[in-house]
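Here is my input; please provide its structure:
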Amino acid sequence: MNIRPRHDAIVRSLRRNGTSTIDTLATEVGASRRTILRDISALRDEGYVIHSDVGRGGGLQLDPRSVQTTTRLSVQEVFALLISVAAMRAAGTLPFSELADAGLAKIEKSLPADRVRDLRAFLDCLHVGQLSPLQDLSDMGRMEPELLPAFEAAFLGRQLMRFDYRDAKSRITRREVEPQAMLILPPLWYLVAWDPMRDGFRHFRMDRISNPAAIPDTSFRRRHVPFEDDVCPYSELQK
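Model (predicted):
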């Protein structure tokens, strides 16, 4: 069992049983006594209050009011938070923006500096506009969770993306494109990409994308997306 799942299993066991022993926890998670002792020390560093009884059994008890006081987020989770906050701010719908910025700053400190630079560079590719009142939303679907890790790899690694795309007439095609920007026209999200097969920019509604993946060992150059001319022409969205 990896470290994070093991720590979570230990906390669950202590909450469930009230009191436990080092040996019992070691058996439950499949680890040695020494490993459990290191885990308990790490959990205390994270903010959990774990009392121990001196003695042969090594009894442990978790304070029922104890909570984790440090944040452990994956790069993808930080990526999602940055996108969401930036989108809300650009759309003018982010209350308490100063508190949000302060919170994100604390979260970013847990990431390597190069990853923070990458994530902030991605925000330069994020644009927000207004949806045309003519846009039909009757077929709006749900975006696949797999989009986020695919976008992270494709945008930050400048890798081509491959996915299945269902157009407005429900025709499905396989696409390989250069992801250049993300466009948010609430409530719709679009991938703006250069399509080498069509030699031009295309807008792809994210709720119509399925089976997304970055293509390893590929690369592309960053292109200028002419948002200043027309953020998202309605006619383009119908193609």
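
From now on I want contacts and neighbour counts done on CA atoms only, so please keep to that.
Noted.

Relative to Ala181, how far out is Arg221?
For Arg221, the distance to Ala181 equals 13 Å [Cα to Cα, to the nearest Å].

show me where the protein has helices.
Secondary structure of the chain by DSSP state H: the helices cover 3-17, 22-29, 33-46, 75-90, 97-108, 113-123, 147-157, 234-237.

Those helices: which one's closest to Pro64?
Closest of the helices of the chain to Pro64 is helix 3-17, at 7.1 Å (criterion: Cα to Cα).

Now tell me what touches the closest one from outside.
Residues external to helix 3-17 that are found in contact with it (Cα atoms under 8 Å, 6 or more residues apart in numbering): 20, 25, 29, 39, 43, 60-62, 64.

again, 6 Å this time
Helix 3-17 is touched from outside by Leu62, with contacts defined as Cα atoms under 6 Å, 6 or more residues apart in numbering.

Quick one: neighbours of Glu98, just the number.
Number of residues near Glu98 (other Cα atoms under 10 Å) recorded here: 10.

State the pLDDT value of it.
Model confidence at Glu98, given as pLDDT, is 72.

Equivalent analysis for Val225, please.
84.

now Glu176
In this prediction Glu176 is given a pLDDT of 96.

So it versus Asp195, what's the distance?
In this view, Glu176 and Asp195 are 7 Å apart by Cα to Cα.

Please compute how far the longest strand belonging to the chain lies from its chain's middle.
Under DSSP state E, the strand in the chain containing the largest number of residues is strand 172-185. On the basis of Cα atoms, centre = their mean, to the nearest Å, strand 172-185 sits 18 Å off its chain's mean C-alpha point.

angle of that strand against helix 147-157?
Orientation check (axes from the mean of the first three to the mean of the last three Cα atoms, to 10 degrees): strand 172-185 against helix 147-157 gives 80 degrees.

Can you give me the end-to-end span of stretch 195-209?
Stretch 195-209 has an end-to-end distance of 15 Å (criterion: Cα to Cα).

Now find how far off-centre it is within its chain.
In terms of Cα atoms, centre = their mean, the centre of stretch 195-209 is found 22 Å from the chain centre.

now do stretch 203-222
Relative to the chain's own centre, stretch 203-222 is displaced by 16 Å; criterion: Cα atoms, centre = their mean.

Run through the bridge partners of Ile172.
Beta-bridge partners for Ile172, by DSSP bridges, are Arg166.

distance of the residue lying closest to Gly18 once chain neighbours are set aside from Pro95?
Among residues not flanking Gly18 along the chain, Gln61 sits closest, at 6.0 Å (Cα to Cα, 6 or more residues apart in numbering). To Pro95, Gln61 is 40 Å away according to Cα to Cα.
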